[in-house]
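Novice: Make a model of this:
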Amino acid sequence: MSKSATSTDTAESSAPTLIDASALIALLGAEPAAGEVQEMLKDGAAMTTVDLAEGIDRLKRRYGLQVERTRPVIEGLLAKSLTLLPLGPAQAWRAGEIRAAHYHRTRCPISLADAVLVASAPAGGRIASSDGTLLAVAASEGIATVALPDSQGRRP
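Specialist: Predicted structure coming up:
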């Protein structure tokens, strides 16, 4: 069960909103969710190192963006408004448990990067994504979610 982000939702949460690769791609690719992601960044968003790697990979493959052109932009976000969460042993164990518990090739194809994101969510935090599978797993794990529009403007 996901909800749309509002400024009230953001103001009420003291923990940062965690964004996944789709949110980073939406921002840098000027997709429909870009404005919402910018608002989350103003309030202090975070993402995992694994989701950053996935985002860089997908930006290159989807948009053909060169790493040398996107790197300064991403590093600027990291310096100003995007916290990068490292993958520690506790999150790695929890991510493995989450993926093992939820993954199914057709019914719930949650990626390992998304399982890491769910495992990294702090108490009281929330996850923003256009990925319905990720949002469903996060909600089942008791994490608040924000449904972002995908590249076609549809929300999960």
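Novice: any idea of the mean pLDDT for stretch 146-156?
Specialist: For stretch 146-156, the mean per-residue pLDDT is 96.
Novice: tell me how far it is from the chain's mean position?
Specialist: Centroid displacement of stretch 146-156 relative to its chain, using Cα atoms, centre = their mean, to the nearest Å, is 13 Å.
Novice: Put the alpha carbons of it into CSV.
Specialist: Only the C-alpha atoms of stretch 146-156 are listed here, as CSV (Å, rounded to 0.1, in the frame of the first residue of the first chain):
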residue,chain,number,x,y,z
VAL,A,146,5.8,6.9,-1.6
ALA,A,147,4.6,5.8,-5.1
LEU,A,148,6.4,7.9,-7.8
PRO,A,149,5.2,8.1,-11.4
ASP,A,150,7.2,5.9,-13.8
SER,A,151,8.6,7.2,-17.1
GLN,A,152,5.1,7.1,-18.6
GLY,A,153,3.6,9.1,-15.7
ARG,A,154,1.8,6.0,-14.2
ARG,A,155,2.0,5.3,-10.5
PRO,A,156,2.2,1.8,-9.2
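Novice: can you confirm I110 is in a strand?
Specialist: No - I110 is assigned coil when assessed by DSSP: H, G, I helix; E, B strand; the rest coil, not a strand.
Novice: State the phi and psi torsions of L82.
Specialist: Taking degrees, to the nearest 10, you get phi -120, psi 120 for the backbone angles of L82.
Novice: my read: it touches M47, true?
Specialist: Yes - using Cβ atoms under 8 Å, L82 is in contact with M47, at 6.5 Å. All C-beta spots, glycine's among them, are computed from the backbone N, C-alpha and C.
Novice: who's more crowded, these two?
Specialist: M47 (28 against 22; other Cβ atoms under 10 Å).
Novice: For that one, pull up the helix or strand it's in.
Specialist: Here M47 sits within strand 45-48, counting by DSSP states H and E.
Novice: which residues does Y103 contact?
Specialist: Residues in contact with Y103 (Cβ atoms under 8 Å, 6 or more residues apart in numbering) are P109, I110, A115.
Novice: would a markdown table of the residues you listed with neighbour count and pLDDT be doable?
Specialist: Output for the contacts of Y103, formatted as a markdown table (neighbours: other Cβ atoms under 10 Å; pLDDT from 0 to 100):
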| residue | neighbour count | pLDDT |
| --- | --- | --- |
| P109 | 12 | 96 |
| I110 | 22 | 96 |
| A115 | 26 | 97 |
